[in-house]
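1. got a predicted structure plus its sequence, pasted below:
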Amino acid sequence: ELMRSKANMNRSEAQPKLTLLPFFMRALASLYLKYPMINARYNDEKEILYSYNRIHIGIATNTSAGLLVPVVRNVQSLDIWECAQELKEVTDATKANKAHPDQMKGSSITISSLGPLGGITSTPIINHPEVAIISPNKVRERPVVVAGEIIIRKMMNVSASFDHRIVDGHEAATFIQDLKKLLEDPTTLIE
């Protein structure tokens, strides 16, 4: 949180404000090659799994027409500021009902965040035909034990759902642990 605040204070006028989602996008982009089964789509009818050598992240977006999922493409090639800019562009276009049809298809994994409206846990529904979805929950101050002392820290739970026909529980748990490590020490995500 401190790193994000500091980056926002030092951003240029042209750079959008960093929310938590670009950090999640960069973290997923850091892990997609290690976990190819999670960055995938499954065709039920043909029983074919499509795994991708690029990561295209769907961003669940609330609109007047309901929940829609525009896509930020090739996130593996974007830095944190480019993630923030692309995220803003596709979600703003979607909310204004001006998204291009190409911006609304082809995601390989989705992030669904209720942000400040959310609770501390959620059960996200997979954006079919993808096989995984990640859902950051609300950041809240909570008491935690650090070195035997109780202190107040900003904490956030991350919920996820996986298609267990494709992603077994061990792989899902390992992926979540790696995601957690990246988000808890995001220095490599902001570079």
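-> Now that the structure is in, tell me what you want to look at.

2. only C-alpha atoms for contact and neighbour calcs from this point on.
-> Noted.

3. where in the protein is pLDDT low?
-> Residues of the chain meeting the criterion pLDDT under 70: 1-15, 115-116, 191.

4. what are the ranges of the helices in it?
-> Listed in chain order, the helices of the chain (DSSP state H) span 2-9, 21-31, 80-95, 169-184, 187-190.

5. give me the helices and strands touching the second one, please.
-> Using 3 or more CA pairs under 8 Å, 6 or more residues apart in numbering; DSSP states H and E as the contact criterion, the elements in contact with helix 21-31 are helix 80-95, helix 169-184, helix 187-190.

6. packing partners of the shortest one?
-> Translated: helix 187-190. In this structure, helix 187-190 makes packing contacts with helix 21-31, judged by 3+ CA pairs under 8 Å, 6+ apart.

7. if we can go back for a sec, just the helices of the chain: most buried one?
-> Mean neighbour count, computed with mean count of other CA atoms under 10 Å, is highest for helix 21-31 among the helices of the chain, reaching a mean of 23.

8. give me the contacts around that helix.
-> The contact list for helix 21-31 (CA atoms under 8 Å, 6 or more residues apart in numbering) reads 55, 57, 75-76, 78-81, 83-84, 87, 175, 178-179, 182-183, 186, 189-190.

9. now stretch 31-38: buried residues?
-> Using 16 or more other CA atoms under 10 Å as the test for burial, stretch 31-38 gives 31, 32, 33, 35, 36, 37, 38.

10. list the contacts of the second one.
-> Pointing back at residue 32 there. By CA under 8 Å, 6+ apart, residue 32 lies in contact with 38, 39, 54, 55.
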